[in-house]
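Asker: Give me coordinates for this.
(3 chains)
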Amino acid sequence: MSNLKHIINAQQFNKELLESIFKTADKAKLFFSQGKRTNIFKDKILATLFYEPSTRTRLSFESAMSHLGGSVISTENARQFSSASKGETLEDTIKIISAYADVIVLRHYESGSAQKASVVSKIPIINAGDGPGQHPTQALLDLYTIKDELGRIDNISIAMVGDLANGRTVRSLCYLLGKYENIKIYFVSPEIIRIKDDIKQYLTKHKIEFREEDSLQAVADKVDVIYQTRIQKERFGDRLEDYAKACGVYVINNEILNLMKDNSIIMHPLPRVNEILPEVDNDPRAAYFRQAENGLYVRIALLRMVLNK
Amino acid sequence: MSNLKHIINAQQFNKELLESIFKTADKAKLFFSQGKRTNIFKDKILATLFYEPSTRTRLSFESAMSHLGGSVISTENARQFSSASKGETLEDTIKIISAYADVIVLRHYESGSAQKASVVSKIPIINAGDGPGQHPTQALLDLYTIKDELGRIDNISIAMVGDLANGRTVRSLCYLLGKYENIKIYFVSPEIIRIKDDIKQYLTKHKIEFREEDSLQAVADKVDVIYQTRIQKERFGDRLEDYAKACGVYVINNEILNLMKDNSIIMHPLPRVNEILPEVDNDPRAAYFRQAENGLYVRIALLRMVLNK
Amino acid sequence: MSNLKHIINAQQFNKELLESIFKTADKAKLFFSQGKRTNIFKDKILATLFYEPSTRTRLSFESAMSHLGGSVISTENARQFSSASKGETLEDTIKIISAYADVIVLRHYESGSAQKASVVSKIPIINAGDGPGQHPTQALLDLYTIKDELGRIDNISIAMVGDLANGRTVRSLCYLLGKYENIKIYFVSPEIIRIKDDIKQYLTKHKIEFREEDSLQAVADKVDVIYQTRIQKERFGDRLEDYAKACGVYVINNEILNLMKDNSIIMHPLPRVNEILPEVDNDPRAAYFRQAENGLYVRIALLRMVLNK
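Answerer: The predicted structure follows:
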């Protein structure tokens, strides 16, 4: 596998590299889903350095490391606990931790932190979310899930639903889809949280067809993927009526399910609250828990890639 | 060993299963107390998912897993840190975590949580305390300690002392003792925190002899076991005088020790505050630290049972 | 290696023992800095019991254990989470945890805690800082770094700079330097945070030459080591002007660097804030990040010593 020193953002991956990662993830899925384990990382230590909590992301990386036989040193609240509270720079912290481990998974509250860390680190940095910035491993597992579920990424139509203005995952997924052929995107959201112009410009430049829609019902029967996201109350400020209306409108329930094609899937980066009803969970098209599981296999592939094993 | 998928409550264990667990715990004690370790769990990952802190319980499970050569992914404050704070249901969290590990030890603040979790989990759930509900592994280690110290569980008399109304451990231990022969229980407590009627009815139904007593002195020379518990101030509301009196009366000190039989033991689920004086600690009948150590061996046995190893 | 049951304070180490530890640390550095790992501790469990957070110290011990193939059970906020909040004594906690692990690394907010813990523990206690008391493993890694960088500890001159009254590391390092020959110490600090009399008396007794200085510039060209420390604002109370002045005066920058001898080094226990400017970092004499890395090797040596492996 080719050597990629740090994983900082979605843009750094070209199609060839993505295929290589997905191939390793496929192998990992086949092997580890049978309950097997390896110890190819018995000599490796992962440091998870989380300046804001994200239990799921942290545990999935730590589980990936354990599946590979590696060790983990962990902090789940570095902001409060670490020397950061005494005024130490992130760069100093990274320099020190990089003497204790072989790879760092970094979660930080400031955009650009992962990039800053990678400049001074002696060991690979994996960005596990840097504030409003990027969360590339989530974008990769989203894309992998499309491929894993549908057998292809080219030639798909996808509805992205909910908070498209602020959703980090939607933005990163758009960047990655821009590398594929014959993609059609429907952006379905309340007006106040529509997809931003920079993404539209990027898609136009990469000849990705997209359309903005108000109605989920209107697109449900047209798409291969519904990518649902959580609408956050705080984005609506005083306009609580608009919020309530938005939440009520963009819900995936049995009605939407009945409209959807047989071979289509529903995805969600999770956690979900009410935007997908539990009545949908047992339908085979509900792919969001399989998507979460894929996070394990994609992270195994990424750890192997940055550590050349 | 027989397969028990989840460990949810004390009632699920019959006498045969208890004997089987205790036999495995005996072997674990013999083996591990010599400083030996195995790696029979080298392919297994334990997730400890704690929605409220319980350092001792968490560390004893994690130590059990380490003794068996397994890996641990851990969260000690899931309530504050996890997606729960964003409104995710426990069921969703469990579905996701169960893709990352082979067994989940769950501590939760709501009664019934472990049962709820077990319904959706693909991997075994071990209840490490669900609010006012149950804490079955504590009850099992209590019962194991009686057997380990006295050589039997049938034909014993036991004084349960302190907060009998609210003490989860006392209630669970009563359920388990109901399965044995010729047990006599003395309930010793202030009036306000007496044992509740449901337990009395259960004991009557299972032909367990019991008596309520005001005086610890009056029963100390009659029993094989004193099971002491902490009296919690908050149970007394405004009646601080009653609280102070209760604390002062139900204390195990040298005077009580002098009354006790030579072959009797003192147990306590710990932590203790002032209800057992340090002067008692060095007496061979003070079994509470051995009881805590037994927690390790019983949890090793339970992990082996649910994972069929 | 000789058996040292507990590591409580700097005074317990004589010169012979220090040499033995440094020899093991040398071997660890040679071996582990090449990316190798051992599993000589595959049967050992480390419990890190931290009553106040110290992410760096905790992670360096946990990394040391991982390098040796051992397991870790960890708590990074024992004060808030553990039974301590219910009134349990440290002694009780230690007795219980010592049944779950093979060695305890203890960080506590009260001076004397490590000593108290060692009295009741069945397994080795390593003091990772006990409030205003000691932090012996930091002192050992400081001394090791001097030896590692300069090739000797005898016959050196060292400037200790910054908060000399409150700095635990400076005090401990003085104790250890007292065991060596022909040491000269310059204490450079604002008047309000001068080195205390007990240390001066100790140095006089051990025939260590020392002098108090106001000016860092005046000593920079004389010394083999500048040991810089952070000046804490809260020590100055209302005298904010004095604080600002002190911070401005005792800064290591290119000007100081230009005064320093070619073979001299700059040390700092870290975290640093503004007392060493980033412009200094790339100079080969800037030894503070190598010093932090040495913490790993010294802690590996100490774990091996207390566990006789």
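
Asker: My read is that A:Glu62 contacts A:Ile45, right?
Answerer: No: applying Cβ atoms under 8 Å, one finds A:Glu62 not in contact with A:Ile45, separated by 11.6 Å. For every residue, glycine as well, the C-beta is placed using N, CA and C.

Asker: More neighbours: the two, which one.
Answerer: Per other Cβ atoms under 10 Å in any protein chain shown, whichever of A:Glu62 and A:Ile45 has more neighbours is A:Glu62, with 28 against 21.

Asker: what's the distance between A:Ala128 and chain B?
Answerer: A:Ala128 sits 14 Å away from chain B, going by Cβ to the nearest Cβ, to the nearest Å.

Asker: quick check, the helix or strand where A:Leu30 lies touching chain B?
Answerer: Using DSSP states H and E, A:Leu30 sits within helix A:15-32. No: Helix A:15-32 stays clear of chain B (Cβ under 8 Å from any Cβ of the partner chain), getting no nearer than 10.1 Å.

Asker: Likewise for stretch A:260-270?
Answerer: Yes: under the criterion of Cβ under 8 Å from any Cβ, stretch A:260-270 makes contact with chain B via A:Leu270.

Asker: And that stretch, end to end?
Answerer: Criterion Cα to Cα, to the nearest Å; first-to-last residue distance in stretch A:260-270 is 21 Å.

Asker: And for stretch A:266-274?
Answerer: End residues of stretch A:266-274 are separated by 15 Å (Cα to Cα).

Asker: what's next to that stretch, contact-wise?
Answerer: Outside of stretch A:266-274, the residues within contact range by Cβ atoms under 8 Å, 6 or more residues apart in numbering or on different chains are A:56, A:138, A:142, A:145-146, A:169, A:225-230, A:247, A:251-252, A:260, A:275-276, A:280, A:283, A:285-288, A:291-292, B:83, B:86-88, B:92-93, B:96.

Asker: what about 6 Å?
Answerer: A:169, A:226-228, A:276, A:285-288, A:291-292, B:83, B:86-88 (Cβ atoms under 6 Å, 6 or more residues apart in numbering or on different chains).

Asker: List the buried residues of it.
Answerer: Buried residues in stretch A:266-274, counted by 16 or more other Cβ atoms under 10 Å in any protein chain shown: A:Ile266, A:Met267, A:His268, A:Pro269, A:Leu270, A:Pro271, A:Arg272.

Asker: For these, name the two members farthest from one another.
Answerer: A:Ile266 and A:Pro271 (15.0 Å; Cβ to Cβ).

Asker: Which residue lies closest in space to A:His259, excluding its sequence neighbours?
Answerer: Check again: residue A:259 is Leu, not His. Spatial nearest neighbour of A:Leu259, chain neighbours left out: A:Ala220 (3.9 Å); criterion: Cβ to Cβ, 6 or more residues apart in numbering or on different chains.

Asker: And A:Glu255, by the same measure?
Answerer: That would be A:Gln217: by Cβ to Cβ, 6+ apart, it lies 7.8 Å from A:Glu255.

Asker: Helix, strand, or coil at the one you found?
Answerer: Going by DSSP: H, G, I helix; E, B strand; the rest coil, the secondary structure assigned to A:Gln217 is helix.

Asker: that's a helix at A:Glu212, yeah?
Answerer: No: A:Glu212: not assigned to a helix; according to three-state DSSP it is strand.

Asker: Secondary structure class of the nearest residue to it once chain neighbours are set aside, three-state.
Answerer: Of all residues not flanking A:Glu212 in the chain, A:Phe187 sits nearest, at 4.8 Å (Cβ to Cβ, 6+ apart). Taking three-state DSSP as the rule, one finds A:Phe187 in the strand state.

Asker: Provide a list of residues in contact with A:Phe187.
Answerer: A:Met160, A:Leu164, A:Ile195, A:Glu212.

Asker: cool, A:Asp154 as well?
Answerer: Applying Cβ under 6 Å, 6+ apart, one finds that A:Asp154 lies in contact with A:Tyr180, A:Glu181, A:Asn182.

Asker: Tell me the most packed of those residues, by neighbour count.
Answerer: Within the contacts of A:Asp154, most neighbours by other Cβ under 10 Å means A:Tyr180, with 19 neighbours.

Asker: what about it, distance to A:Glu19?
Answerer: Distance, A:Tyr180 to A:Glu19, using Cβ to Cβ, to the nearest Å: 11 Å.

Asker: same check, this time on A:Ala25
Answerer: Taking Cβ to Cβ, one finds A:Ala25 at 11 Å from A:Glu19.

Asker: what about those two, which has more around it?
Answerer: Of the pair A:Ala25 and A:Glu19, A:Ala25 is the one with more neighbours under other Cβ under 10 Å, namely 25 against 13.

Asker: who touches the more buried one in this structure?
Answerer: A:Tyr144, A:Tyr297, A:Val298, A:Ala301.

Asker: Give the buried subset of the residues you listed as a ChimeraX selection command.
Answerer: Here is the ChimeraX command that picks out the buried ones among those, judged by 16+ other Cβ under 10 Å:
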select /A:144,297,298,301
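
Asker: Give me every residue in the stretch 201-309 of chain A lying close to chain B.
Answerer: Contact residues (Cβ under 6 Å from any Cβ of the partner chain) of the stretch 201-309 of chain A with chain B: A:Pro271, A:Val273, A:Phe289, A:Ala292, A:Glu293, A:Leu296.

Asker: quick one: which two of these are the most distant?
Answerer: Using Cβ to Cβ, these reach their maximum pairwise distance at A:Val273 and A:Leu296, which is 23.4 Å.

Asker: What are the boundaries of the strands in chain A?
Answerer: Counting by DSSP state E, chain A has strands at residues A:45-50, A:71-75, A:103-108, A:125-130, A:157-161, A:184-188, A:209-213, A:225-228, A:265-267.

Asker: Quick check on the contacts of stretch A:266-274: which are buried?
Answerer: A:169, A:226-228, A:276, A:285-288, A:291-292, B:83, B:88.
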